[in-house]
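Colleague: What follows is a predicted structure for the sequence shown.
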Amino acid sequence: VLVVDEAGEIQGVYHKTHLYDAFGTQESATVAPGNKLFEPIRTPFGKIGLFVCYELRFPEIARYQALHEADLIIVPAAWYQGKQKLNHWQTLVTARALENTVFVAACDLPAANQCIGHSLVVDPAGEILQQAGTQDQMLLATIDLQRISQVRQFLPAANQRRAELY
């Protein structure tokens with residue numbers, strides 16, 4: 001994944017670190033994993049973190065982004081259709097936002113690509129701000145960075161972590 005600024009300059013590069021070897025698929029047969037997590041980058045509209053698709057199933061990656069002060073985590077995906085896959089998608093995206101009290105924008109391919117669609121934007125309290133259907137659709141959501149500190153006032157889990165225990 002490339003992160004490009006308004007001038008067309010590459011500001012970040014990320015290679016997916018956890019490959020989709022699940023549900024009868026073996027991505028590792030054709031793709032080599034990256035060897036480091038994305039370092040969140042400052043932008044004019046907040047600090048952005050990033051990970052890809054199947055990595056939603058690894059909460060440590062989202063936590064890494066949050067610990068490196070990401071305000072918004074972007075998750076590009078090709079979340080394939082299958083039994084319970086829409087439920088997994090919505091639950092995991094919402095959980096990553098809520099457990100880290102950050103915004104998450106998860107962008108999936110439409111159903112025409114054998115994916116579930118249903119891109120969504122979730123706020124730091126786990127509220128779904130916008131959600132697409134199965135077709136191509138542009139979502140517009142207001143990302144108010146003040147919301148992060150508001151949520152952290154009544155849900156201070158990030159400050160209550162006892163990292164020395166894990």
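Modeller: Ah, there it is. It should be emphasised that the depicted structure is a prediction, and the values quoted were computed from it without experimental measurement.
Colleague: partner strands of the strand or helix carrying G49, parallel or antiparallel?
Modeller: Using DSSP states H and E, G49 maps to strand 46-50. Partners of strand 46-50 in the sheet, by DSSP bridges, are strand 41-43 (antiparallel), strand 72-77 (parallel).
Colleague: Show the subsequent helix or strand relative to it.
Modeller: helix 59-67.
Colleague: And that following helix, how far out from the chain middle?
Modeller: 10 Å (CA atoms, centre = their mean, to the nearest Å).
Colleague: what's the answer for stretch 29-41, then?
Modeller: 14 Å.
Colleague: buried residues in it?
Modeller: Within stretch 29-41, the residues that qualify as buried by neighbour count (16 or more other CB atoms under 10 Å) are 34, 37-38, 40. Just so you know, the C-beta spots here come from the backbone N, C-alpha and C atoms, and that holds for glycine as well.
Colleague: what sits up against stretch 21-32?
Modeller: 16, 19-20, 54, 80, 82 (CB atoms under 8 Å, 6 or more residues apart in numbering).
Colleague: residues touching G133, list them.
Modeller: Taking CB under 8 Å, 6+ apart as the test, what G133 contacts is 117-118.
Colleague: That one belongs to a strand?
Modeller: No: G133: not assigned to a strand; according to DSSP: H, G, I helix; E, B strand; the rest coil it is coil.
Colleague: That one and V52, how far apart?
Modeller: In this view, G133 and V52 are 22 Å apart by CB to CB, to the nearest Å.
Colleague: Repeat that for L139.
Modeller: 19 Å.
Colleague: One more: A62?
Modeller: From A62 to V52 the distance is 12 Å (CB to CB).
Colleague: More neighbours: the two, which one.
Modeller: A62 (25 against 22; other CB atoms under 10 Å).
Colleague: For the more buried one, which residues are in contact?
Modeller: A62 neighbours (CB under 8 Å, 6+ apart): 49, 51, 56, 73, 96, 99-100, 102, 104.
Colleague: same thing but at 6 Å, please
Modeller: 96, 100 (CB atoms under 6 Å, 6 or more residues apart in numbering).
Colleague: again with F103
Modeller: 72, 123, 143.
Colleague: burial count for the second one?
Modeller: Put plainly, it is D123. 23.
Colleague: Any buried residues in the helix or strand hosting T94, and which?
Modeller: For T94, the host element (DSSP H and E) is helix 85-100. By 16+ other CB under 10 Å, the buried positions in helix 85-100 come out as 86, 88-90, 92-100.
Colleague: try stretch 112-121
Modeller: By neighbour count with 16+ other CB under 10 Å, stretch 112-121 contains the buried residues 115-121.
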